[in-house]
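*Asks:* The following block contains a protein sequence and its predicted model.
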Amino acid sequence: MEVHEAIELRRSVRSYLPKPVPPDVLRRVLEAGRLSPSAVNHQPWHFVVVTDPVKRNGLTDGPYAKFLAESPVVIVGLGDKVKSPKWHIVDTTIALQTMVLAATAEGLGTCWIGSFYEDKVRKLLNVPDNLVIVAMLSVGYPREKEESTSRPPRIKNRRPLAEIASYEEFGKPKA
Ligand SMILES: Cc1cc2nc3c(=O)[nH]c(=O)nc-3n(C[C@H](O)[C@H](O)[C@H](O)COP(=O)(O)O)c2cc1C
């Protein structure tokens, strides 16, 4: 799949089929994260892949994270604040979004999750103190037809480009 197509097809998927993600597909998604850029190439990230249903249930405490019980895979993105005090969050975020696009190209649905209680997740997954829990991703095959990532893209609710981009200096529109 061409990258722009994946960018347009991607949408947040919050309902999943009970179909496991094959190991080779999951490996390609993780590989996309591994190959991502990072400041000084520090690669200050770690990804915990959670498939165990009991553990996934333990990740659903946040008010907007209930569907993690149903997504066959949850990827928890951790940033190492010791390895890269300034960029660990940015670098880990880049890697997670690269994985999102790779997953889309594999026909998978994903959703970013910021709705979690850090202490609870840290305890549940045994995360060391040097690692910050940046965000989680649900990953799986979309349940609803309308959530399928193989349909033509719907119109996205986004601010227009003219409002979010300037040229040569802030606030200057395209000539
Ligand atoms: C950092 C971040 C955190 C998010 N947290 C949640 C979340 O906890 N629960 C959820 O259902 N969606 C979450 N989302 C998804 C957004 O609601 C979604 O991306 C946005 O509404 C745009 O819709 P789209 O992804 O379908 O284009 C999050 C997205 C980002 C980037």
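*Replies:* Arrived safely, thanks for sending.

*Asks:* Quick check: residues of the protein near the ligand?
*Replies:* For the chain, the residues found near the ligand under the criterion Cβ under 6 Å from any ligand atom are 11-12, 14, 62, 64-65, 111-115, 135, 156. Every C-beta, even on glycine, is put in place using the N, C-alpha and C of the backbone.

*Asks:* would you list these in a markdown table and tack on pLDDT?
*Replies:* Listed next are those as a markdown table, based on pLDDT from 0 to 100:
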| residue | pLDDT |
| --- | --- |
| R11 | 94 |
| S12 | 96 |
| R14 | 96 |
| G62 | 93 |
| Y64 | 95 |
| A65 | 95 |
| C111 | 98 |
| W112 | 98 |
| I113 | 98 |
| G114 | 98 |
| S115 | 97 |
| A135 | 98 |
| K156 | 75 |
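
*Asks:* Buried ones among these?
*Replies:* Among the residues of the chain next to the ligand, those classed as buried by neighbour count (16 or more other Cβ atoms under 10 Å) are 11, 14, 62, 65, 111, 113, 115, 135.

*Asks:* Widest-spaced pair of those?
*Replies:* R11 and G62 (20.0 Å; Cβ to Cβ).

*Asks:* Including secondary structure, could the residues of the chain next to the ligand go into TSV?
*Replies:* Listed next are the residues of the chain next to the ligand as TSV, based on DSSP: H, G, I helix; E, B strand; the rest coil:
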residue	secondary structure
R11	coil
S12	strand
R14	coil
G62	coil
Y64	coil
A65	coil
C111	strand
W112	strand
I113	strand
G114	coil
S115	coil
A135	strand
K156	coil
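
*Asks:* quick check, nearest of the residues you listed to L96?
*Replies:* Here the nearest of those to L96, counting by Cβ to Cβ, is A135; it sits at 6.1 Å.

*Asks:* Next up, the contacts around the closest one.
*Replies:* Residues in contact with A135, defined by Cβ atoms under 8 Å, 6 or more residues apart in numbering, are 77, 92-93, 96, 112-114.

*Asks:* What residues are bridge-paired with it?
*Replies:* With DSSP bridges applied, A135 shows beta-bridge pairing to G77.

*Asks:* V132 - nearest residue in space that isn't next to it in sequence?
*Replies:* G79 (4.7 Å; Cβ to Cβ, 6 or more residues apart in numbering).

*Asks:* so what's the closest residue to S38 other than its chain neighbours scoring on pLDDT?
*Replies:* Counting by Cβ to Cβ, 6+ apart, S38 lies nearest to D91, which is 3.9 Å off, once chain neighbours are set aside. At D91, the pLDDT value in this model is 98.
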